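> model this:
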Amino acid sequence: MLAIDLFERPLFALSSLAALTACVAQGLAFVVLPFYFIDVFGFSQVAAGLLLTPWPIAAGIMSHISGRLADHHAVRILGVIGATVMTIGLIFLALTPAHPTAWQLVWRAGLGGAGFGFFGAPINRAMVASAPRERSGGAGGISTMARLLGQSIGISSVAVLFEMLAHGGVSLRAASIALFCGAGFTLVAGLISSARLPHIQPE
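Sure thing, here's the model as predicted:
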């Protein structure tokens, strides 16, 4: 049922691992940020939703841009740029001052989303393009599995960190450390994407 043999292709295997680690970071951030905005910084639920909105908007815009760039530039370069921007965005979120303005949170969330969008489109494209045309369905299925598995790991990681650092509650320290962990996963995704292999080039 699962196209395991596709992992024999180095580009497919590397792209899958990079997508998995990046989705761990995104899943982690999407769970932490609402608690961060509401319980730590005191924003209302409506305000928290609005503050989180820049992430998906920026991700959608940048995924369109990077998808077009992937036709002419190496996936390795685009992946490293996207992962770097997302890492910086998560680090800035983790280092948010104790009493931030809405704008201080908006641009940080937008930066993280822009990095994820710029990273995700070429990596997913590389996964599907590296498989034979008749196996594109299996490649797409593994791409979806990597995304969902990564998000599930990220969500579970938040629960573990909050239990260890805040006894099941939410604190500034716990949320910051969780976001730093997300930045670590994104950094790993960037390092995987930077592998200097000839088959990393777009086809």
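
> ranges for the helices of the chain?
For the chain, the helices defined by DSSP state H cover 10-35, 45-52, 54-69, 75-94, 102-129, 136-166, 172-193.

> which stretch among the ones you listed comes nearest I4?
I4 sits nearest to helix 136-166 of all the helices of the chain, at 8.9 Å, using CB to CB. Heads up, the C-betas are built off the backbone N, CA and C, glycines and all.

> For that closest one, name the packing helices and strands.
If contacts are counted by 3 or more CB pairs under 8 Å, 6 or more residues apart in numbering; DSSP states H and E, helix 136-166 sits against helix 10-35, helix 102-129, helix 172-193.

> gap between the shortest one and the chain center?
Once both centres are worked out by CA atoms, centre = their mean, to the nearest Å, helix 172-193 turns out to sit 9 Å from its chain's centre.

> Could you name whichever residue is most remote from the centre of this protein?
E134 (28.7 Å; CA atoms, centre = their mean).

> okay, it: pLDDT?
Looking at E134, its pLDDT stands at 76.

> circling back to that earlier point, with mean pLDDT and mean neighbour count added, can I get the helices and strands packed on helix 136-166 in TSV?
Conversion of the helices and strands packed on helix 136-166 to TSV gives the following (pLDDT from 0 to 100; neighbours: other CB atoms under 10 Å):
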stretch	mean pLDDT	mean neighbour count
helix 10-35	90	24
helix 102-129	90	23
helix 172-193	93	22
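
> Looking at those, which is nearest to W55?
Using CB to CB, the helices and strands packed on helix 136-166 put helix 102-129 closest to W55, at 3.4 Å.

> Distance from the chain centre to the closest one, please.
On CA atoms, centre = their mean, the centre of helix 102-129 falls 7 Å from that of its chain.

> Give the other helices and strands that it contacts.
Going by 3+ CB pairs under 8 Å, 6+ apart, helix 102-129 lies up against helix 10-35, helix 45-52, helix 54-69, helix 75-94, helix 136-166, helix 172-193.

> who wins for proximity to R125 among those helices?
Closest approach to R125 among the helices and strands packed on helix 102-129 (CB to CB): helix 54-69, 6.5 Å.

> buried sites along that closest one?
Burial within helix 54-69, assessed by neighbour count using 16 or more other CB atoms under 10 Å, is assigned to P54, W55, A58, A59, M62, S63, S66, G67, L69.

> and that helix, average pLDDT?
pLDDT averaged over helix 54-69 gives 91.

> now what about it, what contacts it?
The contact list for helix 54-69 (CB atoms under 8 Å, 6 or more residues apart in numbering) reads 29-30, 33, 78, 82, 106-107, 109-122, 125.

> re the thing from before, could you measure from the residue farthest from the centre of the chain over to G115?
From E134 over to G115 the distance is 34 Å, taken as CB to CB, to the nearest Å.

> closest to A94 out of the helices and strands packed on helix 136-166?
Closest among these, using CB to CB: helix 172-193, at 3.8 Å.

> Show me what that closest one is packed against.
Counting contacts by 3+ CB pairs under 8 Å, 6+ apart, helix 172-193 packs against helix 10-35, helix 75-94, helix 102-129, helix 136-166.
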